[in-house]
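*Asks:* output the structure for:
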Amino acid sequence: MNSLTDARRGATMMILLMVASALLCTSAPALAGPDGHWVVSWGQAMTAQVSVPRDAGHQQQRDTGGDPLHRVPTVRQVTVRQRVRLSLGGSQLRVRLSNVFGTTPLEVDAASIARAAQGAAVVPGSSVRLTFDGKPRALVPAGGELLSDPVAFDAPALAPLSVSLYFKAPAALADAHPLEQGRVTWAVQGDAVDAVDLEGRTPAQGLSPWPGDHVYALTAVEVAAKPGTRSVVAFGDSITDGYQATRPDTPWPAVLATLGNAPGAGGLAVANMGISADELAFDQVGEPASGIAGLKRYYRDVIDRPGVTDIVVLFGANDVNRGPDTALLTAGAQPRELIASFRLLADVAHQHGIRIWAGTVLPFSDDPNWYSPRRDAARVQVNAWLKDSGVFDGVVDFADAVEGPYDTPTPPPGAPVPQGIATVCVADEGVHPNDRGYAAMGHAAFNALTGATTQPQAPCRVR
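*Replies:* Below you'll find the model as predicted:
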């Protein structure tokens, strides 16, 4: 009896600690109104933004223990302006700042949100200052996130917005998303959060050599949504992240957002939580910008986001290609390892009342760095399980959407050439789609989630 009581007390204490932790990381009101709730209209997953300094001979600098030194970009008296594309529109907004990988609190001295114009410019008169627990200054805890207070803001669906953050004191920007489709970030010296344009201002020092295609510390823009609004999180690797896409509106999650917010479509919130080079079951050791394993970041990047109703998961290519096998050699994960991981994702989603959709793994064509008969057999086996297991609420057959005739300069010796991504829909040696391929994937996701029968303007193959 005493042991049972102690166990109950322990469980109660654990729940209280979890609630306290959540309160520490969320200062803004939880609800937008008596009938409203929050959803992520734009979101991207954060990774560790570090660099490894090198000596004059281009060798990694190491500490006294022999481990590589890591340097986090640090700025002082700098304004960082970042351009994002909403999915669902709304009349109330809030932003979520991330310092998950930081070891010290991140101090933001001023912040604003505005309608974006061309480049770094904003629409005159549209800028609104953000507050945090009623104060203009934010202190994002080390290892955590912080929400701004809600602000009244007229934001149409698919609108481009700019979020400006001013860092007065030295600020280590440990969290970033390293892949964008074009320039989305501008950094200048001084406080420019209310500036209409950043033209003529002194460029900031201290960020990465290519700061324009990174997003720093900003992980979500959330909108107040009406009851019944569907909110989708796209969860995956580079093919979800949009590697090789040419514009912010062309990765498949962005295409899904466009279709879901077209006139008469009813509105759909879409957050892109893909990270290039990420694996589902294993960390990218020595590559912090490639993200920790999908299983490890699942709660933070997906389950714990507000208002989530649906998850579309597309993982597997990186695991099959280079994930550790049962002997911990980087020879590629076995199907059973991926299947166990997918089953876990589905179980957790259903425990939280969230629908989850399985995306089939795209073919590798005959790229010698990716294709082998064993890897393709593993991919085919995983896809068969995803479609037939009944574990998921539905399947988005991405592989079928992009497969088609492709050019093969060097057929794999001793094996028939597998079906691959159609040449007209591929951007590289047969692994990543181009804009046309991503459009086909976005239509496949929209049709699976809504029961529609839309077709891309240029499909990957004629059926």
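
*Asks:* quick one, helices of this protein?
*Replies:* Here the chain has its helices, by DSSP state H, at 2-25, 238-241, 252-260, 294-298, 317-322, 335-351, 373-388, 398-402, 435-450.

*Asks:* average model confidence for the fourth one?
*Replies:* Confidence over helix 294-298 (mean pLDDT, whole number) is 97.

*Asks:* give me the helices and strands touching it, please.
*Replies:* Helix 294-298 is packed against strand 230-236, helix 335-351, with contacts defined by 3 or more CB pairs under 8 Å, 6 or more residues apart in numbering; DSSP states H and E. The C-beta positions use only the backbone N, C-alpha and C, and glycine is treated the same way.

*Asks:* of the ones you listed, which is nearest Asn447?
*Replies:* strand 230-236 (13.5 Å; CB to CB).

*Asks:* picking up where we left off before, could the helices and strands packed on helix 294-298 go into TSV alongside mean pLDDT and distance to Arg85?
*Replies:* Formatted as TSV, the helices and strands packed on helix 294-298 follow (pLDDT from 0 to 100; distance: least, CB to CB, whole Å):
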stretch	mean pLDDT	distance to Arg85
strand 230-236	98	14
helix 335-351	96	26
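
*Asks:* please identify the most buried of those.
*Replies:* Highest mean neighbour count among these (mean count of other CB atoms under 10 Å): strand 230-236, with a mean of 27.

*Asks:* tell me how far His432 lies from Phe364.
*Replies:* Counting by CB to CB, to the nearest Å, the separation of His432 from Phe364 is 11 Å.

*Asks:* so what are the domain limits for this structure?
*Replies:* With domains defined by automatic domain parsing, the chain comprises 41-50+69-218, 229-450.

*Asks:* how about a markdown table for those domains, with distance to Asp63 added?
*Replies:* Below are those laid out as a markdown table (distance: least, CB to CB, whole Å):
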| stretch | distance to Asp63 |
| --- | --- |
| domain 41-50+69-218 | 6 |
| domain 229-450 | 15 |
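
*Asks:* ok, which of the ones you listed comes nearest Arg461?
*Replies:* Taking CB to CB, domain 229-450 is the member of the domains of the chain nearest to Arg461, at 3.3 Å.

*Asks:* so how far is the closest one off the chain centroid?
*Replies:* Computed by CA atoms, centre = their mean, to the nearest Å, the chain-centroid distance of domain 229-450 equals 13 Å.

*Asks:* ok, what's across the strand from the spatially most central residue of the chain?
*Replies:* By CA atoms, centre = their mean, the chain has its centre lying nearest to Met273, at 2.1 Å. Note on Met273: beta-bridge partners Phe235, judged by DSSP bridges.

*Asks:* all numbers from here: first residue = 480
*Replies:* Sure, I'll start numbering at 480, so the last one becomes Met752.

*Asks:* okay, it: pLDDT?
*Replies:* Note on Met752: pLDDT of 98.

*Asks:* would you quantify the distance from it to Val579?
*Replies:* Look at Met752 and Val579: by CB to CB, they are 13 Å apart.

*Asks:* pretty sure Arg575 contacts Glu624?
*Replies:* Yes. Contact criterion CB atoms under 8 Å: Arg575 and Glu624 qualify, at 5.7 Å.

*Asks:* where do the contact lists of these two overlap?
*Replies:* Counting by CB atoms under 8 Å, 6 or more residues apart in numbering, the shared contacts of Arg575 and Glu624 are Thr698.

*Asks:* circling back: out of the helices of the chain, nearest to Ala906?
*Replies:* Among the helices of the chain, the nearest to Ala906 by CB to CB is helix 914-929 (7.4 Å).

*Asks:* show me what that closest one is packed up against.
*Replies:* Counting by 3+ CB pairs under 8 Å, 6+ apart, helix 914-929 packs on strand 709-715, helix 731-739, strand 789-793, strand 834-838, strand 873-875, helix 877-881.

*Asks:* same thing but at 6 Å, please
*Replies:* Contact partners of helix 914-929 among helices and strands, from 3 or more CB pairs under 6 Å, 6 or more residues apart in numbering; DSSP states H and E: helix 731-739, strand 873-875, helix 877-881.

*Asks:* could the ones you listed be laid out in CSV, adding mean pLDDT and mean neighbour count?
*Replies:* Formatted as CSV, these follow (pLDDT from 0 to 100; neighbours: other CB atoms under 10 Å):
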stretch, mean pLDDT, mean neighbour count
helix 731-739, 98, 26
strand 873-875, 98, 19
helix 877-881, 97, 26
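
*Asks:* can you redo these as TSV with distance to Val791?
*Replies:* Output for the helices and strands packed on helix 914-929, formatted as TSV (distance: least, CB to CB, whole Å):
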stretch	distance to Val791
helix 731-739	8
strand 873-875	6
helix 877-881	9
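
*Asks:* what residue ranges in the protein score low on pLDDT?
*Replies:* Scanning the chain for pLDDT under 70 picks out the ranges 480-514, 530-532, 547-549, 685, 687-691, 764-765, 802-810, 845, 886-898, 941-942.

*Asks:* what's in contact with the longest strand seen in it?
*Replies:* Using DSSP state E, we find that the single longest strand of the chain is strand 569-578. With contacts defined as CB atoms under 6 Å, 6 or more residues apart in numbering, strand 569-578 is touched by 507, 511, 525, 585, 619, 624-627, 629-630, 632-634, 642, 654, 696, 698-703.

*Asks:* list the buried residues in that strand.
*Replies:* 569, 571-578 (16 or more other CB atoms under 10 Å).

*Asks:* which ones are touching Leu824?
*Replies:* Applying CB under 6 Å, 6+ apart, we find Leu824 in contact with Val792.

*Asks:* my read: Thr730 touches Asp720, true?
*Replies:* Careful, residue 730 is Pro; it's not Thr. No. Here Pro730 lies out of contact with Asp720, judged by CB atoms under 6 Å, at a distance of 7.1 Å.

*Asks:* right, I'll call it a day here.
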